[in-house]
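> A structural model of the following input is requested.
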Amino acid sequence: MGKYKSIAVIYGSDSSEWEVSCRSGEYVASRMDETAYDIYEIFARFGKWDLVAMRKRNSMRVTFSEGAQPEVDKSDFSVKIYGEKVKFDYAYIVQHGFPGETGHLQGYLEMLGVPFSSCSAFVSSVVFDKYACKSYVRGADPVKCAPELFIRKGDDVEAVARKAAETLTFPVFVKPTNGGSSFGITRVTEPEALPEAIQFAFSEGATVIVEQGVKGRELTCAAYSDDGGVKSLPVIEIITENPYFDYDAKYNGNSREVCPAEIPEELEQLVRRTTERLYARLGCSGVVRIDYIAAEDGLYFLEVNTIPGMTSASLVPKMVRTAGINMTDFLTDIIEHS
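Residues are numbered from 1 along each chain as shown. Okay, here's the model as predicted:
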């Protein structure tokens, strides 16, 4: 018997990533220990939280048809099912983007005193913003950060484009600072294309970075913590025919994800130890994935994913399988050590 009885798996989101979030959440719920927990699946989008399915211990999964889905009472994080009130005592967050990855959902749960699976509200909010996160990581030996320019909606886009042309080496990547799954990102090879790319990035948020591209091997590694401290999982190398690891490459099969990465042992250990150090430096909890570029002049930091994809084909489940860890045991470890 675990520490918790009623676990709410929260998926869906208010962002462009909501469909990916649903697939991740359904997978996570299906792999949780059915002998230890009552599992409740909550679809949360634009303020409406509905119970879409549940699985009591040692029982079959029950789904609720649209229009008959009990709504979560957010005043105390509970739901009434067939006249019986169930109060959730743990939340497993699988919301990519707002509000589950930005710290908003974590703040709500912290105020209610409900433990959850991810980083704290503060850490989530800092790490979700690519510019803020790089500011925390910059200077952390041995990882490097590519130079970038920051722009807020309302700033002079043409002036930023001119400065980028003067100070950065092309190609550059234009990214919303608070997005995921490559939404709003453009690889720009010529300065003339920057203003349009910046405006496109603003469709995902109010702040944008223009980041110098780094040529090298794209690597990713995840870390988590338990009673034994921070642990990393096997490194994956991402190989794609696309110009970069965009949405199409991530979710439509246009990439090859080699796990474990076929890289020198020295580089593998560097990536794993760096991931563990950054996890601790940022104050992370739960499972977190960190992306890098291994270039000729060193290891470059790309970004942190505090709510990484968790479909059967996602990167973290691949790492877990490669490590020889049972996914159900892995999720139990995350839950019991949150």
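> how close does R45 get to A8?
Distance of R45 to A8, computed by Cβ to Cβ, to the nearest Å: 15 Å. C-beta: built from backbone N, CA, C; applies to glycine.
> Compare these two (neighbour count), which wins?
Ranked by neighbour count (other Cβ atoms under 10 Å), R45 and A8 place A8 first, with 29 against 16.
> How about the more buried one: what's its closest non-neighbour residue?
Excluding its sequence neighbours, the residue lying closest to A8 (Cβ to Cβ, 6 or more residues apart in numbering) is F88, at 4.1 Å.
> Pretty sure that neighbour sits against S78.
Yes. Contact criterion Cβ atoms under 8 Å: F88 and S78 qualify, at 6.7 Å.
> neighbour-wise, which of those two wins?
Using other Cβ under 10 Å as the criterion, F88 and S78 rank with F88 on top: 23 against 16.
> quick one, phi/psi of the more buried one?
Dihedral pair for F88: phi -70, psi 140, per degrees, to the nearest 10.
> How about L233?
Torsion angles, degrees, to the nearest 10, at L233: phi -110, psi 170.
> That one - how many residues pack around it?
Using other Cβ under 10 Å, the number of residues around L233 comes to 26.
> do the same with K85
K85: 10 neighbours (other Cβ under 10 Å).
> who's in contact with it?
By Cβ atoms under 8 Å, 6 or more residues apart in numbering, K85 lies in contact with 78-79.
> Which residue ranges of the stretch 151-300 of the chain form strands?
Taking DSSP state E, counting those that start in this stretch to define them, one finds strands in the stretch 151-300 of the chain at 172-176, 186-188, 207-212, 217-226, 229-232, 236-240, 255-258, 288-295, 298-305.
> From the centre of the chain, point out the most distant residue.
In the chain, G83 marks the outermost C-alpha relative to the chain mean, sitting 35.9 Å out by Cα atoms, centre = their mean.
> And the pLDDT at that one?
In this model, G83 is scored at 92, pLDDT.
> what does the one 3 residues further on give?
For V86, the model assigns a pLDDT of 97.
> Go through the host helix or strand of it and flag the buried ones.
V86 is part of strand 84-87, with elements assigned from DSSP states H and E. Judged by neighbour count using 16 or more other Cβ atoms under 10 Å, the buried positions of strand 84-87 are V86.
> again, but for stretch 89-107
Here stretch 89-107 shows 89-107 as buried, counting by 16+ other Cβ under 10 Å.
> same deal with stretch 56-66?
By 16+ other Cβ under 10 Å, stretch 56-66 has no buried positions at all.
> cool, stretch 132-139 as well?
132-134, 136-137.
> per the record, what domains does the protein have?
6-117, 126-142+215-336, 147-212 (automatic domain parsing).
> Tell me which other helices or strands the longest helix along the chain touches.
In the chain, taking DSSP state H as the definition, the longest helix is helix 265-282. The helices and strands touching helix 265-282, judged by 3 or more Cβ pairs under 8 Å, 6 or more residues apart in numbering; DSSP states H and E, are helix 121-128, helix 130-137, strand 217-226, strand 229-232, strand 288-295, strand 298-305.
> and that helix, what's its mean pLDDT?
97.
> my guess is K74 contacts W49, does it?
Yes. Contact criterion Cβ under 8 Å: K74 and W49 qualify, at 6.6 Å.
> Compare these two (neighbour count), which wins?
W49 (20 against 12).
> Any idea what that one is bridged to?
On the basis of DSSP bridges, W49 is bridged to A44.
> what about it, distance to V94?
From W49 to V94 the distance is 14 Å (Cβ to Cβ).
> what's the overlap in contacts for those two?
In contact with both W49 and V94: I10, using Cβ under 8 Å, 6+ apart.
> what's near enough to touch M319?
Here M319 is in contact with 221-222, 233-234, 236, 259 (Cβ under 8 Å, 6+ apart).
> Tell me, how many residues neighbour Q69?
18.
> OK, contacts around the residue nearest to E190 when sequence neighbours are not counted?
If the residues on either side of it in the chain are set aside, E190 comes closest to F170, at 6.8 Å by Cβ to Cβ, 6+ apart. Contacts for F170 (Cβ under 8 Å, 6+ apart) come out as 188-191, 213.
> R57 against Y40, yeah?
No. Using Cβ under 8 Å, R57 makes no contact with Y40, being 12.0 Å away.
> quick one: average pLDDT of stretch 224-238?
Mean pLDDT, stretch 224-238: 94.
> List the buried residues in that stretch.
Quick answer for stretch 224-238 (16+ other Cβ under 10 Å): 224-225, 230-238.
> for the stretch 1-150 of the chain, which spans come out with low pLDDT?
Within the stretch 1-150 of the chain, the stretches with pLDDT under 70 are 1.
> What separation is there between P317 and F116?
With distances taken as Cβ to Cβ, P317 is found 20 Å from F116.
> Correction: the previous question concerned E336.
Note on E336: its distance to F116, by Cβ to Cβ, is 13 Å.
> Who has more neighbours out of the two?
Shown here are E336 and F116; by other Cβ under 10 Å, F116 has more neighbours (23 against 14).
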